Structure formats: structure tokens, C-alpha cells
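Participant: Okay, predicted coordinates and the sequence, questions at the end:
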Amino acid sequence: MSVLANYYFNFYAIPVGVAAISVLIMGIIVFLQNTRSVINLFFALTCLSVFLWLSGFSMIYLSKESPVALSWFRYYSLIGIVTIAPNIYFFVRALAKSLKNQKRLVISVYSLALISYLSGFNSHFATGAMYFWGWYPLFGPFSYPFLTFFLVLMFVSFRELWLSQGKMATKIENKRIKIVFIGVLVGYTAALDFLPALQIGLYPFGYFYIFVWISFMGYAVFRYKLMKLTPAIVAEQVISIIPNFLILVDREGKIIRANRAIEEALGYDKEELIKKPVEAIIPQKDTVKLLFSDLEKKETIANLETTYQSKGGKAISVIFSGAAIHNDAGDIVGFVVTALDNTGRKKAEEERERLIKELKEHQELLEEQKQGAEDSGRAVKNVAEDLMESKKILEYQKKSLEGVNKELDDFTYIVSHDLKEPLRSIDAYSKFIADDYKDKLGEEGRHYLERVRANTERMKRLIEDLLEISRLKKRGSTIVEVATEDIIGEVEMRLEYAIKQKAVEIIIKDKLPRMFCDRVRLTEAFLNLVSNAIKFNDKQKPVIEIGCSEKGDFYEFYVRDNGIGIQEEYFDKIFEIFQRLGKREDAEGTGAGLTIVKKIIQLHRGKIWLESKIGEGSTFYFNIPKEKSVILGNKLIGEILVEKKLVTEDEIKKALDEQERTGRIDKGGQDGGRT
């Protein structure tokens, strides 16, 4: 059987075939005019896609049977259908000058087109249907991804054209974009050809709209890309791309042309400056008159500094140049004026002047500092010599104080011994009288003897507390690192009986730190504070809370109770020796406990204070330095001078090195000798 037997004459195939051949010829002609142009290349590829699409459909209309029609669709026409949208998209991007360095995008889009083409071989992509004009493909479920891909690309192309209108560098490019945009609007009506593929029996007139669309595109490329080069076109291009500010002014002083650079710099829309007077950008009338009178006389002026004004009123410094424009008869018909933005140079000059001024000020300051350093050197030398003399005096005073302290120790011991002996005798004889003459004394006599013995015991404790206070500063300190929790544990153990007797709840707030301290003395301080919190508590459920927080270079401790509280007027008095706020018989003790606590905290280079409300309880606060050297109090005099900013470390070091060199400091005793 002959191949021609599969086809028959169908009038509806003729206009489609003619349109296909015409589009192909148009694409070849435009491409051959400039084979190096990317725009021409994608236009030609678009024409090729349209040719494959339309010529394939022409053969489908001529087919007698559905299998033959579907073969033309899958193997031939579908190539044009899947590539037309990518070709149009890249043609539009080339027109809009946004296709540079987009190699990955091109590969990705054409890869999706290839996938769409291969999916067309699936029986669910398309089937055939007979209409009055012939066979026509019907799209199935597998075609939906392709249709989405097709419509998205067509929409993006349309949007690119829409956004590019009026944004191109030259009028020619803007006209070309406008013509293509109109052609696309017409060509998009060819999408009606998809309706029969969706089982809507409307005759596909799309070939006509596609032909008109391609014609518009071809005209835009051919007319505005390949027109003859003339001086007017060159001038238009130069004015558009020149980076300097440029305006053309007529004899009446009105602007007849302004380039994009000056429009953007001064904040004007495109062509908004046209027909405005020059004073719109050079508001100083005297300056305008002077500039253009010079142009009339000299015909050229160059590198004059003046000021332009933006639409918003901002002043812009510029370097002004201009020249007169003559007609064929030699008469001046206008002026061309260029200006260079001088703002950057002005700022650079101002910055240069500022830096020069700062440099001079720094030089003067360096001279002053140099002189000051020389004076400081002499002063440090004198200070070091004075410190050496002071050290000798201090050593002498230290020896004297040691002697006085020894005498005081001896005196305290003797006094305490002499006081204790009579007290023992009074206590002993009182006991003898109470035992031997119990029946003869009577109730009142026994009461008096008990008072005598009680006061004797209190006097004994007073003497012991007095000795403890006097020994606090004389006893050597052993500063070691201790866990505060261990100290609190020892206090709880020593006060176990009192805690259980009054059912006291002791709360340790948060984690207590490890710190440097004299463990024995600090334990005594905590013992006194907790003991007082137990003694002076009238609540059924006594609560004592112990906590600590870091405050700069110190640990700040507190001991809080819910006891009887203390009036504010006695906050300072309670730290004085033997001061009691209640009656002697109300609670045990001599009144020296808080005095001892204060002395212990002071020996640790800290301080103690309290907050209290009557009936609600009291909180005793005290702080201890974190650094061992601060507690020991062995800062050198030189370090103190540096801290007070009286001298610098380098000045101290220089002075001490000088004294070492001259033999004034004993190198074997640097810790004691160096200040």
C-alpha cells in the first residue's frame, strides 16, 4: 500500500502549512542578517519551533487514521510545542539584556522541555479525536506538568516585557520592547488552540495569531536592530550612556535634552527636565547669567566649580563645562553642558584637611607627653627615693609597735589572771556559804547568793570575750581555700543541741562557693550569727536562711532569720562591745559576739551590715574578697600608686631598675624591698 494512501486532501491543512512555511522563511532571513546576535538566534529558534508545530498539525489534518495523526504529533509537532515557550522566554530575556551569565538557567529550562517531550510518548499524554477540520490531539493526565511548564514560561516572558518597558538605555531599545510586547499580546490568543485538545470543539485559528505575532517580533528585530547607522543615532546613544551629567539648552535657557545620569542624580523622572529652565537645576540666577554670558563670548568654558540642586532641594557640588552649538550658518542655536559630580572630591578634601589638623594636634600632644614623661621620670625617681626613706621609717615603727604589742599582751594576761583569781574566790566562798548556811540564810539570802554567783560567771565570760577580742589582731592568720559548705556543716554540728531544742529549720540557698579565708575565725563568725538567730527568735517555727552571691571582687554572704527583729536606731550600736538591746536575764551571752564577728570580717578586708524589721526578723550581710592577696593585705605601695593613676607601671619599673643598678635595693629581698 502506498504511503499516500494514509492521507487525503483537506482544505483546512493549507492555511496552517502556509503559515508554517512563512514563519520559517522569516526566521531564516532575520538570523542571516546578523548571525552573531543572541536576539536573532532565539528569534530564529522560536520561528523553527512554530514551523514544527504548525507544519506537523497540517500533516495531522491530512491524516486519515488516528495512529498516523498521533505519530506526526509525537515524533514531529511535539518538538515544536515543547520548545516554543523556552525559545520565546530566552528571546525576551535577550531583548531585555538580562540573559548574560545565565548558562545554568538555559540548560535547566531546555532539560525540562526534553522531559516534557519524552513524556509525550506515554499513551496517557495525548490521544486523537476527529473534528470537522480533521484529526486533533486530546491532552491526557500526563500532559498537565507540561501545560503548567508552558504557561509559567509564557507568563514570565510577558512579565519581563512588561517590566522592561521604558527602562532600556535608548529610545530604539524601548521602541523594540514595545512592539514585541504588542506582538506577544496578539500571539497569546493562539492559546485558544489548546481548547480543542481539551475536548472543546472550537476551530483552531491560532496559526493566524501566531503569524501576526512572529511578524511583529521580526519587524522589531529587523527594523530596530539593523537600521542604518547615522550620526543622530550615534549621538542619541552617546548621550544615553555618558556617565557625566549632560543637558542641551536652547538660546532661551530651557532644557531640550537631559541624559539619564543627571535625571537619576537629581531625582527626576525620565524627560521630566525637558522644557524646564536651567534655573531648575542651577537655582542661583547670577551664576546662570554669568555662565551662559561667558559661553556666548568664549563659546567654551571648562572646569568651573558650581552647585546643582536636586528635585528635593539637595545641593550637589559639580565641575561645570560647556560649549556653544552652531547651525550651518555659524549662528549659536544652543549650548551643550556637562558636569562632573564633585561631591566625592569635596569630601576627600575636607577629610584631608581634617586629618592634617588631627595630625598637627597629635604632634603637639606628643611633644607635651614627651615633656610630661621626662618630668614624670624625675618625679618617679624622687618618689622612689622617698619610698625608700618611708620604708626605713615604717620598719622602725614596726619594731616599736611590736614592743608595745608585747607589753599589751603581758598586761592583758596579767590583768585577766588577776581578775580571774578574785572571781574564783568569790564564786567558791559563795558556794561554801550557800552549802553550809543554807538553812540559816532564808529565801532572800539564798537569792542574793545566786545573784552573786551569776554575776561572777558573767564577769568571767566578759573577761574571756575581752581577751578573745584583744587576741584577734595579734593571732596570725592562716588563709587557705575552704568550701563554705564545710564551715556551715561544722556550725550546725556545734549548735546541734540548740537547733533540735527549738526545732530550727536551716536553709542553704543555692550553692555556696569555695573561697580563701581563715577557717577558724570565719567559722567563729558564722557560729555567732547563727547562734544569735536561734537565741533571739520567738517564732514557733524558727527559720534561718544562709546564702551567697558574687558582687564584683567580693563574695557577699547573708544570714537571715524570722526572729524578733532589731530597731533601725540600733543597727550600729549592736556591733559595739558589750552592747545588749534586751535585759540581761532575757538571753544568755555577754554582748561581745557581734563585736567579734565584725573584727573577724574586718580582718578579712570585708565589712558587715544588716537589715531588719521588728517582728519579722533580721538579715546580716557581710562580704569577703575573692583574692587571697587582698585578704592578706600585702599590696605593695607601688601597686597602690598605679591603681590611683599617680604613676604608670613602666615608670615604677624604670625607677626601681635604676635603684637596683645603683645598689639602693637589696635584690635578695625584692618582695619586701620593692614598693
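Facilitator: Arrived safely. Numbering: from 1, shown residues only.

Participant: part of a strand, is residue 249?
Facilitator: Yes. Assessed with DSSP: H, G, I helix; E, B strand; the rest coil, residue 249 lies in a strand.

Participant: Could you report the neighbour count for it?
Facilitator: 22 (other Cβ atoms under 10 Å). From N, CA and C alone the C-beta is placed, and that goes for glycine too.

Participant: okay, it: pLDDT?
Facilitator: With respect to pLDDT, residue 249 scores 86.

Participant: Can you tell me which helix or strand of the protein has the lowest average pLDDT?
Facilitator: helix 670-673 (a mean of 40; mean pLDDT, DSSP states H and E).

Participant: Distance of the closest residue to residue 575 other than its chain neighbours relative to residue 529?
Facilitator: With sequence-adjacent residues excluded and distances taken as Cβ to Cβ, 6 or more residues apart in numbering, residue 575 is closest to residue 598, at 4.8 Å. Noted for residue 598: a distance of 11 Å to residue 529, by Cβ to Cβ, to the nearest Å.

Participant: for residue 189, same thing?
Facilitator: Computed with Cβ to Cβ, the distance linking residue 189 and residue 529 is 97 Å.

Participant: When the two are compared, which one has more neighbours?
Facilitator: A side-by-side neighbour count of residue 189 and residue 529, using other Cβ under 10 Å, places residue 529 first with 24 against 15.

Participant: phi, psi of that one?
Facilitator: Note on residue 529: backbone dihedrals following degrees, to the nearest 10 are phi -70, psi -40.

Participant: nearest spatial neighbour of it, skipping sequence neighbours?
Facilitator: Per Cβ to Cβ, 6+ apart, closest to residue 529 is residue 559, 4.4 Å.

Participant: in what helix or strand does the one you found lie?
Facilitator: strand 554-561 (DSSP states H and E).

Participant: re earlier: does the residue nearest to residue 575 really touch residue 610, like I thought?
Facilitator: No. Applying Cβ atoms under 8 Å, one finds residue 598 not in contact with residue 610, separated by 10.9 Å.

Participant: State which strand of this protein is the longest.
Facilitator: When the chain is parsed with DSSP state E, its longest strand is strand 315-326.

Participant: For stretch 110-124, what does the pLDDT average out to?
Facilitator: Rounded mean pLDDT across stretch 110-124 is 88.

Participant: so where's the stretch 201-350 of the chain uncertain?
Facilitator: For the stretch 201-350 of the chain, the stretches with pLDDT under 70 are 205-207, 209, 216-241, 328-329.

Participant: which residue ranges form the strands in it?
Facilitator: For the stretch 201-350 of the chain, strands defined by DSSP state E, counting those that start in this stretch occupy the ranges 245-250, 255-258, 300-309, 315-326, 332-341.

Participant: Would you tell me which one of the ones you listed is buried the most?
Facilitator: Neighbour counts (mean count of other Cβ atoms under 10 Å) averaged over each of the strands of the stretch 201-350 of the chain peak at strand 245-250, with a mean of 20.

Participant: picking up where we left off before, send over the longest strand of the chain as PDB, restricted to the C-alpha atoms.
Facilitator: Included here for strand 315-326 are C-alpha records, laid out as PDB according to Å, rounded to 0.1, in the frame of the first residue of the first chain:
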ATOM      1  CA  ALA A 315      22.800  70.700  46.800                       C
ATOM      2  CA  ILE A 316      25.400  68.800  44.700                       C
ATOM      3  CA  SER A 317      28.800  70.200  44.100                       C
ATOM      4  CA  VAL A 318      29.800  69.800  40.400                       C
ATOM      5  CA  ILE A 319      32.700  70.700  38.000                       C
ATOM      6  CA  PHE A 320      30.900  72.600  35.100                       C
ATOM      7  CA  SER A 321      32.000  72.600  31.400                       C
ATOM      8  CA  GLY A 322      30.000  73.800  28.300                       C
ATOM      9  CA  ALA A 323      30.200  74.600  24.600                       C
ATOM     10  CA  ALA A 324      28.100  76.600  22.200                       C
ATOM     11  CA  ILE A 325      26.200  74.700  19.400                       C
ATOM     12  CA  HIS A 326      26.100  76.300  15.900                       C
END
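
Participant: and it, what does it pack onto?
Facilitator: helix 285-298, strand 300-309, strand 332-341, helix 343-436 (3 or more Cβ pairs under 8 Å, 6 or more residues apart in numbering; DSSP states H and E).

Participant: which ones are touching the closest residue to residue 621 other than its chain neighbours?
Facilitator: Nearest non-adjacent residue to residue 621, counting by Cβ to Cβ, 6+ apart: residue 558, 4.9 Å away. Applying Cβ atoms under 8 Å, 6 or more residues apart in numbering, we find residue 558 in contact with 545, 546, 547, 548, 619, 620, 621, 622.

Participant: okay, the residues you listed in TSV with neighbour count, secondary structure and distance to residue 517 next?
Facilitator: Formatted as TSV, the contacts of residue 558 follow (neighbours: other Cβ atoms under 10 Å; DSSP: H, G, I helix; E, B strand; the rest coil; distance: Cβ to Cβ, whole Å):
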residue	neighbour count	secondary structure	distance to residue 517
545	17	strand	21
546	24	strand	15
547	16	strand	17
548	19	strand	12
619	17	strand	21
620	24	strand	17
621	14	strand	16
622	25	strand	11
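
Participant: picking that back up, of all the strands of the stretch 201-350 of the chain, which one is nearest residue 535?
Facilitator: strand 315-326 (83.1 Å; Cβ to Cβ).

Participant: what is the orientation angle of that closest one with helix 343-436?
Facilitator: Per axes from the mean of the first three to the mean of the last three Cα atoms, to 10 degrees, the angle that strand 315-326 makes with helix 343-436 is 170 degrees.

Participant: partners of strand 315-326 in the sheet?
Facilitator: Strand pairing for strand 315-326, determined by DSSP bridges: strand 300-309 (antiparallel), strand 332-341 (antiparallel).

Participant: how about CSV for these, with distance to residue 117 added?
Facilitator: Formatted as CSV, those follow (distance: least, Cβ to Cβ, whole Å):
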stretch, distance to residue 117
strand 300-309, 58
strand 332-341, 54
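
Participant: Can you tell me which of those strands is nearest to residue 29?
Facilitator: Short answer: strand 332-341, nearest of the strands paired with strand 315-326 by Cβ to Cβ, at 40.2 Å.

Participant: How far off centre is the closest one?
Facilitator: How far strand 332-341 lies from its chain's middle: 48 Å, per Cα atoms, centre = their mean, to the nearest Å.

Participant: outside of that strand, which residues touch it?
Facilitator: 242, 244-251, 256, 262, 265, 292, 295-296, 299, 306, 308, 316-327.

Participant: one step back: closest one to residue 175 among the strands paired with strand 315-326?
Facilitator: That would be strand 332-341 among these, by Cβ to Cβ, at 24.8 Å.

Participant: re the thing from before, so for the strand holding residue 559, mean pLDDT?
Facilitator: Mean predicted confidence for strand 554-561 is 95.

Participant: Could I get the buried residue list for that strand?
Facilitator: By neighbour count on 16 or more other Cβ atoms under 10 Å, the buried set for strand 554-561 is 554, 555, 557, 558, 559, 560, 561.

Participant: what sits opposite the fifth one in the beta ladder?
Facilitator: Same thing as residue 559. Beta-bridge partners of residue 559, counted by DSSP bridges, are residue 546, residue 620.

Participant: I figured residue 106 hits residue 87, correct?
Facilitator: No. The pair residue 106 / residue 87 is not scored as a contact, 10.8 Å apart, by Cβ under 8 Å.

Participant: ok, those two, which is more surrounded?
Facilitator: residue 87 (25 against 14).

Participant: Spit out the contact partners of that one.
Facilitator: For residue 87, the contact set (Cβ under 8 Å, 6+ apart) comprises 42, 45, 46, 48, 49.

Participant: rerun at 6 Å
Facilitator: Residue 87 is in contact with 42, 45, 46, 49, counting by Cβ atoms under 6 Å, 6 or more residues apart in numbering.

Participant: Export those to TSV and append columns for secondary structure.
Facilitator: Converted to TSV, the contacts of residue 87 look like this (three-state DSSP):
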residue	secondary structure
42	helix
45	helix
46	helix
49	helix
